[in-house]
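> what's the 3D shape of this:
(2 chains)
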Amino acid sequence: METQNEIKGVYIRKTYPWKTADRVPTNYIKKWFASISKETSTPVSTQWVKWIHNFVASIHCFRCVRLNNCWFNSSNMPEMPLHDRCHCYTESIPCNQVLAKAKSESDYRKFDPYLFDPENFYKHKKNLLFEKWGYTINDAKWLQTEIERQGRENTFRVNTH
Amino acid sequence: MKMMDCVEVIVEKSKYAKEGVHKGMQGWICMEECIDGFWLVNFPQCAENDDIATIGIKESDLSFLPNGMDAHINEQIKEQFGD
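Here you go, the predicted structure:
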């Protein structure tokens, strides 16, 4: 089975010798791996897991119950075990499944009225900065969409700092 | 209180102070839900300066600001504490 470094190496080249149909990646993953490979030499994790809380005991940790069924990138998840006698465990989730279901939402109100502050209610002057860059409140919707797009993409980047 | 409301921190607590948030600082509630009595509050500075913090603040540690907030106040308080 190819390691992540091998996969990254493959996409630096133009051809990729995928031999079995069930391991052929989507075009999105191909493009993403290629862009990551150009920008950084750090391996990127595609390991995703689902946190499973084991409901066998009569008393349940509040935090573990909250984490039940949450999906995490394996490089950015709560420490396991979360506490003494924690019976939680994780199940692997295929990266394709995560990509297919990932959503990114940025509340429009964070742009209008917060960022562009049309009523001078927040008095942070960030609106002046954006206007200097050529953005007006009419661009709020576009900015929201762009932030959401970048959020979906950056979800799959590992913070190596 | 609800999302987008402006609020002011009315207590000085070490758990807020270690994040750079002090009594008198003003922010806005940036999340819909109040979780376990805590609101997620963003404390901005002006223009291109980084936000001071975005942390959970207990509702009883906040007062509602009906007339909005002022990020300049946060910068003044931050300077007083030498953060």
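> max-length helix in the chain?
All of this refers to chain A. Among the segments of chain A that qualify as a helix by DSSP state H, the longest is helix A:140-154.
> Not quite, go with chain B.
helix B:71-81.
> which parts of stretch B:52-62 are buried?
Buried residues in stretch B:52-62, counted by 16 or more other Cβ atoms under 10 Å in any protein chain shown: B:I52, B:A53, B:I55, B:G56, B:I57, B:K58, B:D61, B:L62. Yep, even glycine has a C-beta here, placed from its N, CA and C like the rest.
> re the thing from before, which residues touch the longest helix of chain A?
A:32, A:102-106, A:108, A:110-112, A:115-116, A:135 (Cβ atoms under 8 Å, 6 or more residues apart in numbering or on different chains).
> let's see it at 7 Å
Contact partners of helix A:140-154, identified using Cβ atoms under 7 Å, 6 or more residues apart in numbering or on different chains, comprise A:A102, A:S104, A:E105, A:S106, A:Y108, A:F111, A:D112, A:F116, A:Y135.
> give the contact list for A:K50.
A:N69, A:W71, A:T90, A:E91, A:I93.
> ok, these vs chain B, which is closest?
A:N69 (17.4 Å; Cβ to the nearest Cβ).
> Excluding sequence neighbours, find me the nearest residue to A:N69.
Spatial nearest neighbour of A:N69, excluding adjacent residues (Cβ to Cβ, 6 or more residues apart in numbering or on different chains): A:K50 at 6.3 Å.
> Assign the one you found to helix, strand or coil.
strand (DSSP: H, G, I helix; E, B strand; the rest coil).
> for the one 5 residues further on, same thing?
Under the three-state scheme (three-state DSSP), A:F55 adopts coil.
> how about the strands in the chain?
Defaulting to chain A. Applying DSSP state E to chain A gives strands spanning A:48-52, A:71-73, A:89-93.
> that's the wrong chain, I meant chain B
Going by DSSP E, chain B shows strands at B:6-9, B:26-29, B:38-43, B:53-58, B:62-64.
> Using CSV, please lay out the ones you listed together with distance to A:A140 and mean pLDDT.
Below are the strands of chain B laid out as CSV (distance: least, Cβ to Cβ, whole Å; pLDDT from 0 to 100):
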stretch, distance to A:A140, mean pLDDT
strand B:6-9, 19, 97
strand B:26-29, 16, 96
strand B:38-43, 18, 95
strand B:53-58, 20, 94
strand B:62-64, 25, 97
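> With distance to chain A added, can I get these in JSON lines?
Converted to JSON lines, those look like this (distance: least, Cβ to the nearest Cβ, whole Å):
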{"stretch": "strand B:6-9", "distance to chain A": "7"}
{"stretch": "strand B:26-29", "distance to chain A": "6"}
{"stretch": "strand B:38-43", "distance to chain A": "9"}
{"stretch": "strand B:53-58", "distance to chain A": "12"}
{"stretch": "strand B:62-64", "distance to chain A": "13"}
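> Now distance to A:F62 too, for these, in a markdown table please.
Putting the strands of chain B into a markdown table (distance: least, Cβ to Cβ, whole Å) gives the following:
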| stretch | distance to A:F62 |
| --- | --- |
| strand B:6-9 | 26 |
| strand B:26-29 | 23 |
| strand B:38-43 | 14 |
| strand B:53-58 | 15 |
| strand B:62-64 | 23 |
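> quick revisit: return the longest helix of chain B as CSV; C-alpha atoms alone will do.
What follows is helix B:71-81, C-alpha atoms only, in CSV (Å, rounded to 0.1, in the frame of the first residue of the first chain):
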residue,chain,number,x,y,z
ALA,B,71,-12.4,48.7,19.3
HIS,B,72,-10.3,51.6,20.4
ILE,B,73,-11.1,50.8,24.0
ASN,B,74,-9.6,47.4,23.7
GLU,B,75,-6.4,48.9,22.4
GLN,B,76,-6.2,51.3,25.3
ILE,B,77,-6.8,48.5,27.9
LYS,B,78,-4.3,46.3,26.2
GLU,B,79,-1.7,49.0,26.5
GLN,B,80,-2.5,49.5,30.2
PHE,B,81,-1.8,45.9,30.9
